[in-house]
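A.B. asks: here is the input, now give the coordinates:
(chains A and B)
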Amino acid sequence: MVQEAKLSHTAALILHAINAGFVYGFSIMEMTGLPSGTVYPAMRRLERDELIRSQWEKQSIADAEQRPARKYYRLTAAGKATLDASRRRYPLLERLIPSEEVKQI
Amino acid sequence: MKPLGGWICLKMEGGILRCASLWAPGLQRAEWLREWRAELWHAREATQIDAECTWKTEAEMLRFCVGAVQDAVTLRKLSWEKKEAHAAFHGSAAECLLLLCFFFATSYFLSHALPGVRAESHPALYRVNPNLIMIQNAFASDDSLATIPVEKYRRWKSWQQRYFDGFAFYRIARENAAAGVSGTYRWRVAHASLNLFWLLGLPVRFSQVAGDAEGRTPGAIVSDAVWQKNFGGDPHIAGRMVRIGRDEVQVIGVAPAGSWRLPGNVDAWLLEPDSANRGVGYVIAHLTALGASAMVSQRVQISVSNPAEGDEELCGVSFAARTKGPWGFYQFTILLALLALPAITSVSLGETNFCSYKPSWSSRFGRWMFLAAKIGLLLPSVYFASLDIAYWHTTTYSIRAQYIQLIASFTMALFGLRWVLFDQRNRCPVCLRRVTHPARVGLAGRTFLAWNGTELICADGHTLLHVPALPTSWFETQRWLYLDTSWKFLFANSSTG
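C.D. replies: Here you go, the predicted model:
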């Protein structure tokens, strides 16, 4: 697949992080250790390629917790397939990111 | 860190985000800024929990915000990529078919929304009995003129007939009408034989007349327009008494809108015995099998021998033309448009090329399929669009609407087909994109010494089209030049086709 061949290490890392439950920009930054100037543009490209999809958190939830609403990201079906392929290409990525319960949006 | 320093950093971070947002595409800017502000809030929260609030943490926050600039630039680049994709779509075969689909869908759904089109397309309106003709004087210039005196009709009816087994008569006159307390009106009344509706096979709404009494019951049938306007659409109209002229008659029912296709606009039909009728009117006759076999192209010549007045020449015109409906008119206009097409454009598809190179079978098949798809989408669109135009302002059948449909359908079919051929000639045979960048080549004054015309090129670099300004014996029609792979480097976005 073309998308599998083009997926960079950074993009694969971000996909792993989202799959592991780090579903918003800053949490992905914290988990991967990548700077904001790398993480957010990479997420824009992943969204353009329809590997991830974004969705705003409900305002009522954010209001209840007295914080601004977050934009959450989740993998699409194509994203999951690409992630599986990237596991074969970057086998060590699995060890870098611990899995976490996916937060309910 | 001092509160003033923190305040300054906060403002700086806000300023960076605000400035960076200017790079983000306009439509996405507000959402982008909202996301980054939310992220900054969470980043700040996390940093203050993890560490003491120092210059170091503020510098970290500033670095975080600088990343927003890169993000905004990326977003802008992605939007440019989208525009390039749009530019690639522009002029493509897919764009052309999509536009035609849009035209078709719009005209189709509009036609289903317009009450006039819905009423006109109802098949019940054209269900008249077969083998019916209208008998007229053979020398009448117009088939809408009343030419038969009622006395002649009575005489024919009384004779033994081999060619006809049913006759009906009607004449139209303006009469005063009064319906109870609702007021007095001026109606166009058709004084008709008792069997007129029965002979024609026209439906009558709200009729309570028993089947065996059909064609024998005197009374009045009102048009749908009169029923709506003067009777307020009363569903219990059957049995009501109305005064038409000097006679008090009972209303039998309502003729559905658009069902009356015979000459004359009528508000009400007064069904009465033939002995009560007078004047000049129209005669409807039903042909026997023998009579039907004498019909030639929807017409039949009739000679009536009358020892007292001499022979009379009459003409019988079939109802088929009158009850054609919109589909019949549409077919007629398409035929006319196909006949007229060569007069306004060349019907050639401009397939000639400079060399012996032949495009692949799949390319040629694709080109023909594309042409068929265009025509296949255009023609139904013309049908529905012509109906939309004709019945935009009217809700029932009218001669005016039929004329508008005829003209609209013919015009759209003619110029639509012209466009289809023109478009086909200007599409690259390899990728079906429209050729672009026209360039004038040669001098008009040297037409007969050298080539003079326009050159257009396929944006994907497959072909070059040469169109002569003046057709000459050595360069009559447009020609394609297929570009080989040595041209590829000129076209950055060329595909393999």
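A.B. asks: OK, contacts around the nearest residue to residue B:345 once chain neighbours are set aside?
C.D. replies: Leaving aside its sequence neighbours, residue B:345 sits nearest to residue B:418 (C-beta to C-beta, 6 or more residues apart in numbering or on different chains; 4.7 Å). The C-beta positions use only the backbone N, C-alpha and C, and glycine is treated the same way. Residues near residue B:418 by C-beta atoms under 8 Å, 6 or more residues apart in numbering or on different chains: B:341, B:344, B:345.
A.B. asks: where does chain B get nearest to chain A, residue-wise?
C.D. replies: Nearest residue of chain B to chain A: residue B:67, at 2.8 Å (C-beta to the nearest C-beta).
A.B. asks: so how many other residues sit close to that residue?
C.D. replies: Using other C-beta atoms under 10 Å in any protein chain shown, residue B:67 is surrounded by 23 other residues.
A.B. asks: who touches it in this structure?
C.D. replies: By C-beta under 8 Å, 6+ apart, the residues touching residue B:67 are A:35, A:36, A:37, A:38, A:39, A:40.
A.B. asks: mind listing what's buried in the helix or strand where it lies?
C.D. replies: Here residue B:67 sits within helix B:55-89, counting by DSSP states H and E. The neighbour-count check on helix B:55-89 (16 or more other C-beta atoms under 10 Å in any protein chain shown) flags B:57-58, B:61, B:64-65, B:67-72, B:74-75, B:78 as buried.
A.B. asks: check stretch B:30-44 too.
C.D. replies: Quick answer for stretch B:30-44 (16+ other C-beta under 10 Å): B:32, B:33, B:35, B:36, B:37, B:38, B:39, B:40, B:42, B:43, B:44.
A.B. asks: so which of those residues comes closest to residue B:427?
C.D. replies: Set against residue B:427, the nearest of the buried residues of stretch B:30-44 by C-beta to C-beta is residue B:32 (40.0 Å).
A.B. asks: secondary structure class for that closest one?
C.D. replies: Three-state call for residue B:32 (DSSP: H, G, I helix; E, B strand; the rest coil): helix.
A.B. asks: that one reaches residue B:26, doesn't it?
C.D. replies: No - contact criterion C-beta atoms under 8 Å: residue B:32 and residue B:26 do not qualify, at 10.4 Å.
A.B. asks: can I assume residue B:315 sits in a helix?
C.D. replies: No - assigned with three-state DSSP, residue B:315 falls outside any helix and is strand.
A.B. asks: neighbours of it, how many?
C.D. replies: Counted by other C-beta under 10 Å, the residues lying close to residue B:315 total 18.
A.B. asks: beta partners of it?
C.D. replies: Here residue B:315 sits in beta bridges with residue B:136, residue B:301, going by DSSP bridges.
A.B. asks: circling back to that earlier point, what about chain B: which of the contacts of residue B:67 touch it?
C.D. replies: Restricting the contacts of residue B:67 to those within reach of chain B (C-beta under 8 Å from any C-beta of the partner chain) leaves A:35, A:36, A:37, A:38, A:39, A:40.
A.B. asks: buried subset of those residues, written for ChimeraX?
C.D. replies: In ChimeraX, a selection of the buried entries from those looks like this (16+ other C-beta under 10 Å):
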select /A:36,37,38,39,40
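A.B. asks: quick revisit: now the contacts of residue B:418 as TSV including pLDDT?
C.D. replies: Listed next are the contacts of residue B:418 as TSV, based on pLDDT from 0 to 100:
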residue	pLDDT
B:341	94
B:344	90
B:345	87
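A.B. asks: which of these has the most neighbours?
C.D. replies: residue B:341 leads the contacts of residue B:418 on contacts (other C-beta under 10 Å) with 18 neighbours.
A.B. asks: which non-adjacent residue is nearest that one?
C.D. replies: Residue B:341 sits nearest to residue B:417 (C-beta to C-beta, 6+ apart), 5.5 Å away.
A.B. asks: how near is that neighbour to residue B:409?
C.D. replies: 12 Å (C-beta to C-beta, to the nearest Å).
A.B. asks: those two: which has the busier surroundings?
C.D. replies: Remark: of residue B:417 and residue B:409, residue B:409 carries more neighbours, 27 against 23, as counted by other C-beta under 10 Å.
A.B. asks: with that, I have no additional questions.
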